[in-house]
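[1] Just the structure for this:
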Amino acid sequence: MLFLSGATDRRRKRRIMSASQSSRILETSAGPVEYAERGSGVPLIVLHGTPGGFDQGLSLAETIGTDAGVRVIAISRPGYLRTPLELAPGPRRQGLLLGPVMDALNLHTAAVAGISGGGMAALWAAANLPDRVSALVLIEALVAAQDISMPPGARFLLTRRGIARAATTKPIQRILARGIPGPDAEGWDARAVVRTITASSFPYAPRIRGTESDTRYAAEFVAPDPAQITMPTLIVHGERDRTVPIGPARALAAALPDARLIALPHADHTSTVPSAEVRREVPDFVRSQAGMRVR
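    Here you go, the predicted model:
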């Protein structure tokens with residue numbers, strides 16, 4: 001067990017609070033879950049990647065917009081920011097956690113989206129809660145066992161002061177957003193979403209436990225039987241994704257009873273969420289499965 005000094009503990013709490021200024025705590029029957037919402041319409045619960053938090057989940061809301069007829073509910077998965085790891089360690093238990101989350105939000109059903117490392121929990125939510133998950137969205141999602149451990153020294157580097165500021169500077173962002181187009185005719189700027197995703201890894205310290213847990217479970221991940229996932233599924237994945245290669249996503253799409261794969265020829269792991277295809281296809285898919293139309 002790690003014992004923190006009073007000063008260290010106070011610093012950690014300040015970092016968590018600074019990252020959670022726009023979030024709330026949802027008191028569920030399983031325990032407290034941090035979340036934030038954007039937009040209105042069909043509910044879509046977003047499970048962020050590794051590392052991340054509710055703030056990374058909001059990058060999907062930033063992509064699809066608040067007027068798309070979708071109510072994005074971005075939660076911090078257990079071990080991230082203000083959601084305790086002990087609440088639901090591991091993908092299976094995190095999938096089941098969405099039941100109490102929906103209960104606390106007075107939702108009988110909701111669509112679920114898994115981004116990157118959040119794909120593991122999204123798959124188990126779909127398998128374990130088939131009557132409550134109306135549609136499944138997997139974006140650059142990890143859906144098969146994979147080593148996602150960080151290089152030696154990465155944890156030390158990510159927790160250093162100034163790294164967060166450096167990661168969001170213009171030179172670094174130009175590198176990360178290389179090949180991503182600037183503002184479109186409506187003023188939407190995909191590069192701004194890249195900045196949001198980058199910033200959602202910091203402060204890193206209150207995301208360490210979740211990252212380490214995800215890393216451990218990803219190495220031995222066993223996905224549910226595809227026959228258990230009966231709801232319509234949309235899979236969006238970049239063909240140039242080297243962080244989470246597209247191969248397992250292709251295999252899953254072929255195995256699921258009702259799935260559609262959108263493979264993005266020029267997208268990598270950075271450029272999939274802020275893609276025009278996600279902006280267009282995800283809200284259309286979520287609304288159509290709920291039998292709704294944008295007013």
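
[2] alpha carbons only for contacts and neighbour counts from here, please
    Noted.

[3] residue ranges with poor pLDDT in the protein?
    1-21, 162, 164-166, 168, 170-172, 185, 291-295 (pLDDT under 70).

[4] from what I can see T215 touches M120, true?
    No: when contacts are counted by C-alpha atoms under 8 Å, T215 is not listed as touching M120 (11.4 Å).

[5] Have a look at those two and say which one is more surrounded.
    A side-by-side neighbour count of T215 and M120, using other C-alpha atoms under 10 Å, places M120 first with 31 against 20.

[6] Give me the three-state assignment for the more buried one.
    helix (DSSP: H, G, I helix; E, B strand; the rest coil).

[7] dump the residue contacts of it.
    Contact analysis of M120 by C-alpha atoms under 8 Å, 6 or more residues apart in numbering lists 91, 114, 141-144, 218, 221, 223.

[8] now do G57
    46-48, 74-75, 115.

[9] Can you list which of the contacts of M120 are found in helices?
    91, 218 (DSSP state H).

[10] nearest to G187, of the contacts of M120?
    G114 (26.8 Å; C-alpha to C-alpha).

[11] That closest one: how many residues sit nearby?
    Count around G114 with other C-alpha under 10 Å applied: 27.

[12] Please report the distance of the residue found closest to D67 once you drop the neighbours it is linked to in the chain from R191.
    What sits nearest to D67 in space, not counting adjacent residues and going by C-alpha to C-alpha, 6 or more residues apart in numbering, is G39, at 6.3 Å. To R191, G39 is 21 Å away according to C-alpha to C-alpha, to the nearest Å.

[13] And those two? Which one has more around it.
    Set G39 next to R191 and count neighbours by other C-alpha under 10 Å: R191 wins out with 22 against 18.

[14] Assign that one to helix, strand or coil.
    Applying three-state DSSP: R191 is helix.

[15] which residues does the residue nearest in space to the middle of the chain contact?
    Residue closest to the average C-alpha location in the chain (C-alpha atoms, centre = their mean): H48, at 1.7 Å. H48 sits next to 54, 56-57, 74-77, 114-118 when contact means C-alpha under 8 Å, 6+ apart.

[16] again, but for A111
    42-45, 133-137, 286 are the contacts of A111 under C-alpha under 8 Å, 6+ apart.
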